[in-house]
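Participant: Here is the input, now give the coordinates:
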Amino acid sequence: MFLILAVLAFAGTGCQDTKIETGTRVVFNNTIEGNFFFQPESKTTYDKVVADSTGKYQFAAEIQEPTFFRYVGVKQSFYSVYLTPGANIEIVEGENGVVFKGDWAAENTFLAQNRYIGVSKEGVEMYSAEWLEMNFDEINRLITALETSGLDKEFIHLQSLKYKYDFYDQLFSGPANARMFARMNVELPEHYYDFVKNMTFVDSAIVQMPKWFTVMLGCFERMEKEGWIEVSPEHYMEIYARKIENEKVRSMFLVKLLEQTLQKGFSDDFPVYLASVRPFITNTATLKELPALEARYQTLRETHKAILRGKMAPEFKAVDINGKEYSSADFKGKIQVLDFWFTGCVPCRAEMPYMEKIAEEMKNYPIVFISLSVDTGDELLALWREMVKNKKGAELQLNVPGGFKSDLVKKYLIRGVPRIVIVDKEGKIVDANAKRPSDPKLKVRLKQLVG
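Facilitator: As a prediction, this is how the structure comes out:
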């Protein structure tokens, strides 16, 4: 919840004065003044609702299937809103809360009265075995209440699935977020992830869940980390595909996974990924998205042509905390794993223990792990020195003079961190956008390289 409020505090004013006269429409008639927000639950940013040209506060959209939206009220309370194609809904927020009128009023009232936001009590640690039992019980209680509510059957089916997927999403992302942003010392019980073993993907309605892709990806990545499925840097998408029984879900998941790969940056392996999963993308509507992804890949390939696999890696010069200079030449004959980061990057710091562990495990191989800070300025450099001065592991701690403005960072087209680059013994690029160290596929790839 604290993460959502933090995002909300910095949200823009995005809701546009729409001219759509058909489709789904939501009218807001609040009796209290203040900002409020409305957007699909799958969206991670927040759109402030502003008055249109007639002075009315309303939202209109064309949707093709039942969809869950989120209303964030004047008092910053969160409400899930169920919409269907052609529905007309009125939301009224007053001092005593929110009232729903029009289509699906009973269903949305049920959602307002039966929200799942995580159950806890004093003395029970978050994500502990006792916390897990409490929350699984709460999910079952909510689903039972839903099934006996007498509401629309399709709504009951979708909302039952949504309760589960909202909970799964919290189970996957909650501990990491608590560690990164709240700096909590989260210790998970031994069987915390056992629920993953029972997850199936046979219901086509899965793709209507706001967090469906995040949950499914979290499921497969956890299976890899637990050793429940094979870890393959080249064919992991195919391995995932074989675990998804529903044709629509499988096709949409794979296309979304390919799209996410391109969003993260150029990947030399994209053609391999695409070839391995193309036979599994059989849904007609989803197949139509592949040409656009292939064109996007070609555009990215052209942009990154100087750092493609097999190209000579840009030479670097960097210094340690004592000012000693190192360069690429110092590591000739060894595989280089370059980890670009900076002290203010929370995900970077979260990845550090994983990289340090891999470096320690592989310290007897002809491979060197080099942490390359891009911090600049006296204050940040002092913070960097303080952070790394006591590190005794196998990873070499260096700073790149000039940081993000350095020639090295520019040549690698680094616009965000963490960024992992692998260079072979001859100084040629293996992967300029490698997996993060928390992903077991990185370690497998490195093991392949050292033989």
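
Participant: contacts and neighbour counts: CA atoms only from here.
Facilitator: OK.

Participant: Worst mean pLDDT across the helices and strands of this structure, which element?
Facilitator: helix 2-9 (a mean of 38; mean pLDDT, DSSP states H and E).

Participant: Starting from that one, tell me the next helix or strand along the chain.
Facilitator: Going down the chain from helix 2-9, the next helix or strand is strand 24-28, by DSSP states H and E.

Participant: List the contacts of the next helix or strand along the chain from that following strand.
Facilitator: Next along the chain after strand 24-28, taking DSSP H and E as the criterion, comes strand 37-40. Residues from elsewhere that reach strand 37-40, judged by Cα atoms under 8 Å, 6 or more residues apart in numbering: 15, 46-49, 59, 67-73, 210.

Participant: Same question for stretch 192-203.
Facilitator: Contacts to stretch 192-203, defined as Cα under 8 Å, 6+ apart, come from residues 129, 132, 219, 222-223, 243-246, 249.

Participant: Stretch 235-255 now?
Facilitator: 200-204, 206-207, 213, 220, 229-230, 257, 272-273, 276-277, 280-283, 286-287, 289-290.

Participant: now stretch 409-425
Facilitator: Contacting residues not belonging to stretch 409-425 are listed as 304, 306-307, 313-314, 332-342, 345, 347-348, 403-404, 429-436 [Cα under 8 Å, 6+ apart].

Participant: Repeat the analysis, applying 6 Å as the threshold.
Facilitator: Under the contact criterion Cα atoms under 6 Å, 6 or more residues apart in numbering, stretch 409-425 has outside partners 333-341, 348, 429-434.

Participant: In stretch 342-358, which residues are buried?
Facilitator: Neighbour-count burial for stretch 342-358, counted by 16 or more other Cα atoms under 10 Å, picks out 342-343, 346-348, 350-352, 354-358.

Participant: In a markdown table, list these along with pLDDT.
Facilitator: Formatted as a markdown table, those follow (pLDDT from 0 to 100):
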| residue | pLDDT |
| --- | --- |
| 342 | 96 |
| 343 | 95 |
| 346 | 93 |
| 347 | 94 |
| 348 | 95 |
| 350 | 93 |
| 351 | 95 |
| 352 | 95 |
| 354 | 96 |
| 355 | 97 |
| 356 | 96 |
| 357 | 96 |
| 358 | 97 |
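
Participant: Show me which of those is closest to residue 179.
Facilitator: residue 350 (8.0 Å; Cα to Cα).

Participant: At which residues are the strands of the stretch 251-400 of the chain located?
Facilitator: All strands of the stretch 251-400 of the chain, identified by DSSP state E, counting those that start in this stretch, fall at 317-319, 325-327, 335-341, 367-373, 396-399.

Participant: Identify whichever of the ones you listed lies nearest to residue 23.
Facilitator: The nearest among these, by Cα to Cα, is strand 335-341 at 46.2 Å.

Participant: if I look at residue 432, how far off is residue 105?
Facilitator: Going from residue 432 to residue 105 by Cα to Cα, to the nearest Å gives 52 Å.

Participant: Please apply the same query to residue 82.
Facilitator: Residue 82 is 9 Å from residue 105, where distance means Cα to Cα.

Participant: Pull out the CA atoms of stretch 153-172 and give them to me as CSV.
Facilitator: The C-alpha trace of stretch 153-172 is given here as CSV (Å, rounded to 0.1, in the frame of the first residue of the first chain):
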residue,chain,number,x,y,z
LYS,A,153,-22.4,-15.7,-12.5
GLU,A,154,-19.7,-14.3,-14.8
PHE,A,155,-18.8,-11.7,-12.2
ILE,A,156,-18.5,-14.3,-9.5
HIS,A,157,-16.3,-16.4,-11.7
LEU,A,158,-14.0,-13.5,-12.7
GLN,A,159,-13.8,-12.0,-9.2
SER,A,160,-13.0,-15.4,-7.6
LEU,A,161,-10.1,-15.6,-10.0
LYS,A,162,-9.1,-12.0,-9.2
TYR,A,163,-9.0,-12.6,-5.5
LYS,A,164,-6.5,-15.4,-6.1
TYR,A,165,-4.4,-13.5,-8.5
ASP,A,166,-4.3,-10.4,-6.4
PHE,A,167,-3.0,-12.6,-3.5
TYR,A,168,-0.5,-14.4,-5.7
ASP,A,169,0.8,-11.1,-6.9
GLN,A,170,1.4,-10.0,-3.3
LEU,A,171,3.1,-13.3,-2.5
PHE,A,172,5.5,-12.9,-5.4
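
Participant: residue with max distance from the center of the chain?
Facilitator: residue 54 (38.4 Å; Cα atoms, centre = their mean).

Participant: Narrow the contacts of stretch 235-255 to those that are buried.
Facilitator: 201, 206-207, 213, 220, 229, 257, 273, 276-277, 280-281, 286, 290.

Participant: got any ranges where the protein has weak pLDDT?
Facilitator: The model of the chain has pLDDT under 70 over residues 1-22.

Participant: domains of it?
Facilitator: Taking automatic domain parsing as the domain assignment, the ranges for the chain are 2-113, 151-303, 317-450.

Participant: Quick one: distance of the second one to the chain centre.
Facilitator: Taking Cα atoms, centre = their mean, to the nearest Å, the mean C-alpha location of domain 151-303 is offset from the chain mean by 10 Å.

Participant: Give me the longest helix you can find in the chain.
Facilitator: The longest helix of the chain (DSSP state H) is helix 153-181.
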